[in-house]
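Asker: Here is my input; please provide its structure:
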Amino acid sequence: MDIRDFEDKRSSQEPGSDINRNLREKGNRLASSGKDAAVQELSRIGTAIHKAAEKLHEQDDYFADWADKAADRLDSLSNYLKEKKSDDIMDDLQDFSRRNPYVTVGVMFAAGLALSRVLKSGQR
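Answerer: Residues are numbered from 1 along each chain as shown. Now for the predicted structure:
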């Protein structure tokens, strides 16, 4: 008998363990559905940028190359999200934020500003 078996038995007998398990399952379902929606939206945006890049190639290759690179990045992000589980994505995000705390704070600040602008525009 391993120590983990003992801990699993003990934790399954605790009163809050069913609640914790249910909350974790609901959280995983919500994360999975949000991930799927993000993958679809990123794919749509990537396709739109690829089409815009095709039009730009007819006029100016400099900006078309930027658009192609942006669309390729969105495609790779979409594929990453498609292939990974929600737990793996959270682990990767935690690792990134530990290695780059200033970037993480900057991104959170920018996201907060964007969210406040969206909420402010919805009040009108």
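
Asker: Which helix in the protein has the most residues?
Answerer: Taking residue count as the measure and DSSP state H as the definition, the longest helix of the chain comes out as helix 17-59.

Asker: I'd like to know which elements that helix is packed against.
Answerer: In this structure, helix 17-59 packs against helix 61-83, helix 86-99, with contacts taken as 3 or more Cβ pairs under 8 Å, 6 or more residues apart in numbering; DSSP states H and E. Every residue, glycine included, has its C-beta placed from N, CA and C.

Asker: I'd like those as CSV, with distance to Q123 appended.
Answerer: Shown next, in CSV, are those (distance: least, Cβ to Cβ, whole Å):
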stretch, distance to Q123
helix 61-83, 30
helix 86-99, 31
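
Asker: Could you look over those and pick the most buried one?
Answerer: Each of the helices and strands packed on helix 17-59 was given a mean neighbour count from mean count of other Cβ atoms under 10 Å, and the largest, a mean of 15, is that of helix 61-83.

Asker: got the angle for it vs helix 17-59?
Answerer: For helix 61-83 against helix 17-59, the angle between stretch directions is 160 degrees (axes from the mean of the first three to the mean of the last three Cα atoms, to 10 degrees).
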